[in-house]
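*Asks:* I'll drop the sequence and a predicted model, then ask my questions.
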Amino acid sequence: MRYLGVFFFIAGLAVLCACGGLHSFSADIDQSNSSPGSHSIDVMAKEPPPARVRVAASTTTASPAGKLIALTFDDGPRPYVLFGSKGIHPAPGLVDVLDQNGVKATFFVVGWRLTPRTWGEPRHEENIGVSCIDAAEQLTRRGHELEDHTYSHLELRSAEKKNGEQWVMQDVDRGAQAIKAITHTQPRYVRPPDWIITNDARRDLEQQGYRVLTISSENPIALRDVNSLDYLCAGKNPTGCPKPSLADGVLKQLDQREKKGTYTHILAFHELSTTTAAMPRLISDLKARGYRFVTLTEYMKLVGAKPGETKQQASATREASVVALSR
Ligand SMILES: [Zn+2]
């Protein structure tokens, strides 16, 4: 089973490369930062939680904030995923699915897409006649949030090794400016491609007022992204997609977190058609478990205080950050 976990991990890297656009992958990825998904599957397969525990977990609210989900989607805007395809393989749009369910989500978009006359990657993405900028504007109008997934979508640790830390800071800022041109709001959250970034660059971004999302176990569990592994379900012959389904895989990960008393979760997905297809059932199952859907900004307001920080201190920190960013 351990080997299967490693296999999922390696397969994940391969597919992530394939769907990540202008993205190259470093082979020296930090194992501690990248294994939660496959590790969870490993543990769960050995020892499923007793039904009694699961019932208790789904009806108890340990967090004063209540049971919360922040749905997030990386790597877009991809118009054919957001608005659906009427072409050879008709599919519903992710935005319609979210709207029909009354869910506001957060999109970690890639800056290069937000340039004029960009419709996505011509080799892999269907052009439905909606530009990425138009798609981003629609997302904003419909109440969803845009946050920063860098401009280049290059893996930042390798890029830093090659070009220096200043390049990384500029890549994040350039992504933020592209978003700000559309939303007129400074993005505050950064998710580095594949969560890979050096500690120095992370610290410097945080000093500039960004909050860097992570899957590192050094952070409190409620502030750690849940890696949905949805990229393993994409493509013609997906291997490693959670069984029996993507939705079940995510729910199993939440079971594990609930067993630890965590009822607030940031779920990390990608803009993929296969992910859109999994959403209606996942959203209805989560609602049935008593979860409420919030944007990342709202989530962080409710559960985002750093360890040892009171809510007032957290709010003061946020205000200081906004001032730093608006300079
Ligand atoms: Zn990405």
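*Replies:* Ah, there it is. Residues are numbered from 1 along each chain as shown.

*Asks:* count the residues that sit near the closest residue to the ion within the stretch 101-250 of the chain.
*Replies:* Nearest to the ion, among the residues of the stretch 101-250 of the chain, is Pro193, at 4.5 Å (CB to the ion). Backbone N, C-alpha and C define where each C-beta goes, glycine included. Pro193 has 26 neighbours, counted by other CB atoms under 10 Å.

*Asks:* same deal with Pro64?
*Replies:* 8.

*Asks:* buried residues, stretch 90-99. List them.
*Replies:* Within stretch 90-99, the residues scored as buried using 16 or more other CB atoms under 10 Å are 91-95, 97-98.

*Asks:* now stretch 221-239
*Replies:* 222-234.

*Asks:* ends of it, how far apart?
*Replies:* 28 Å (CA to CA, to the nearest Å).

*Asks:* what are the pairing partners of the longest strand that the chain contains, and which direction each?
*Replies:* What stands out as the longest strand in the chain, according to DSSP state E, is strand 68-76. Here strand 68-76 has these sheet partners by DSSP bridges: strand 106-109 (parallel), strand 264-270 (parallel), strand 292-293 (parallel).

*Asks:* any idea how far the next helix or strand after the last one is from the chain center?
*Replies:* Translated: strand 292-293. Sequence order places helix 296-303 as the next helix or strand after strand 292-293, per DSSP states H and E. Its chain's C-alpha centre and that of helix 296-303 lie 15 Å apart, by CA atoms, centre = their mean, to the nearest Å.

*Asks:* taking strand 68-76 as reference, get the angle to helix 296-303.
*Replies:* Per axes from the mean of the first three to the mean of the last three CA atoms, to 10 degrees, the angle that helix 296-303 makes with strand 68-76 is 150 degrees.

*Asks:* looking at helix 296-303 now, give me its mean pLDDT.
*Replies:* For helix 296-303, mean pLDDT rounds to 95.

*Asks:* cool, and stretch 176-191?
*Replies:* Per-residue scores along stretch 176-191 average to 98.

*Asks:* list the buried residues of that stretch.
*Replies:* Neighbour counts using 16+ other CB under 10 Å place 176, 178-180, 182, 186-191 of stretch 176-191 among the buried residues.

*Asks:* re earlier: need the winner for burial among the strands paired with strand 68-76.
*Replies:* strand 106-109 (a mean of 28; mean count of other CB atoms under 10 Å).

*Asks:* and the following helix or strand past it, what's buried?
*Replies:* Per DSSP H and E, the first helix or strand lying C-terminal to strand 106-109 is helix 132-141. Applying a neighbour-count criterion of 16+ other CB under 10 Å, the buried positions in helix 132-141 are 132-133, 135-140.

*Asks:* and for stretch 156-175?
*Replies:* 156-160, 165, 167-169, 171-173, 175.

*Asks:* for the protein, what helix or strand is lowest in average pLDDT?
*Replies:* Least confident helix or strand, the chain: helix 36-46 with a mean of 32, by mean pLDDT, DSSP states H and E.

*Asks:* no further questions, thank you.
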